[in-house]
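Novice: Here's a sequence, model it:
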Amino acid sequence: MPQLPPAHELGFGKYFADQIFMARYTRQGGWVSEGVLPYQALKLDPAACVLHYGQALFEGLKAFRQKDGGFAIFRPEFNWKRMCDGADRLCMEAPPRELWMTGLVDLINRCVKWFPEERGTAIYIRPTLIGTEAFLGVRPSNEFLFFVILSPVGNYYSEDSGGVKIWVEKEYLRAAPGGLGATKAAANYAGSLKAAQRAKKKGYAQVLWLDHSRTAIEEVGTMNVFFRCKNEVVTPELDGSILEGGTRAAVIELLREAGHRVTERKLLIREVIEAQQKGELLEAFGTGTAAVITSIAELASDDFKIQLPRERKVTFQLFDQLSAIQRGEVRDSRGWMVRI
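Specialist: Modelled structure (predicted):
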């Protein structure tokens, strides 16, 4: 029987709870829940649409053990809406809200023994939607499988509080205008692997993606990105090529409430380099479900390398503030946490 490993061994996405939630859709019968089942391999026809035409979409969110001993999910409504938007883009049938919430809550309630207790840990929730109809011919599937798995996790990046080193990618693209950049399609991640692999061989944790012109900043690996200068905090605007993150939205709200001027706009890589050279760049950080809030220590490419200041005051404040909300250590006045 699998058991929860010690917190320091968790890492990210290495261990899985022993239960899974499943539901299936057909055009004739609609959605039918199979409920919570023992964790198991999926049975797919070799001609299943997902294997040939890539109809695959997933989400990522977390549930946290609360200070009072209960459990709560961080912003599940946001992730359901984002899956619905992605499903529409990929011509898939999104699970209804009630099915989504029932699946998450029932699964978590059956898997409470998998919740780590230490600060900085959580249960990572991976809802996934795939096309399962068996056919060869380019069209949308008429059958879908929705399933949810859980993974007890620790820190996404193993680096210490000194921050992560990021490689600025100038050859490969994560997304193009009119493409799938704003969705959490599996294809986006397959296309990112080559650049990430090369960056890690150079000693960098992830890549910073640029737009199709190779001039404007989009995302950092699996994170949205923020740069704090003297007078404002800047993050790239959501232009259809960038995935909107729930943590990104929460951080923008927290920053504005704290009195920071937050600007969402097109941000050129040369602006960041010039700001650092002038001493105006104070800190940079990435935000995401997996990594939460991660300080960036260095940006580099073939033609430049810049070290970011080590102050990171706002980065750490945001991390502590958001972590306290997620773990129920302070009052959730914004309704972000859904108790289960």
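
Novice: What residues of the helix or strand hosting residue 234 count as buried?
Specialist: For residue 234, the host element (DSSP states H and E) is strand 233-236. For strand 233-236, the neighbour count (16 or more other CB atoms under 10 Å) marks 233, 234, 235, 236 as buried. Using the backbone N, CA and C atoms, a C-beta is placed for each residue, glycine as well.

Novice: For the last one, give the beta-bridge partners.
Specialist: Yep, that's residue 236 we're talking about. residue 265 (DSSP bridges).

Novice: can I assume it is in contact with residue 269?
Specialist: No - using CB atoms under 8 Å, residue 236 is not in contact with residue 269, being 10.9 Å away.

Novice: Flag the shaky bits of the stretch 51-200 of the chain, pLDDT-wise.
Specialist: Along the stretch 51-200 of the chain, the parts satisfying pLDDT under 70 run over 158-161.

Novice: And the buried residues of strand 233-236, which is closest to residue 291?
Specialist: Residue 291 lies nearest to residue 235 out of those, by CB to CB, at 15.2 Å.

Novice: Which residue comes closest to the closest one once chain neighbours are left out?
Specialist: Closest residue to residue 235 apart from its sequence neighbours, by CB to CB, 6 or more residues apart in numbering: residue 226 at 4.7 Å.

Novice: Quickly find the element holding that neighbour.
Specialist: Using DSSP H and E, residue 226 maps to strand 224-229.

Novice: what does residue 294 give?
Specialist: strand 292-301.

Novice: Buried ones in that strand, by neighbour count?
Specialist: 292, 293, 294, 295, 296, 297, 298, 299, 300, 301.

Novice: Domain ranges for the chain, per the record?
Specialist: Here the domain assignment for the chain is 7-155, 164-326, based on automatic domain parsing.

Novice: So which other helices or strands are in contact with the strand holding residue 234?
Specialist: Here strand 233-236 is seen to pack against strand 217-220, strand 224-229, helix 246-257, strand 262-265 when contacts are counted using 3 or more CB pairs under 8 Å, 6 or more residues apart in numbering; DSSP states H and E.

Novice: Any chance of those in CSV with distance to residue 287, mean neighbour count and mean pLDDT as columns?
Specialist: Output for the helices and strands packed on strand 233-236, formatted as CSV (distance: least, CB to CB, whole Å; neighbours: other CB atoms under 10 Å; pLDDT from 0 to 100):
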stretch, distance to residue 287, mean neighbour count, mean pLDDT
strand 217-220, 9, 25, 96
strand 224-229, 5, 24, 96
helix 246-257, 4, 19, 97
strand 262-265, 12, 14, 98
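
Novice: which residue ranges form the strands in the stretch 1-150 of the chain?
Specialist: Secondary structure of the stretch 1-150 of the chain (DSSP state E, counting those that start in this stretch): strands located at 19-26, 30-38, 56-58, 61-65, 71-74, 122-131, 143-153.

Novice: avg pLDDT for the first one?
Specialist: Per-residue pLDDT over strand 19-26 has a mean of 98.
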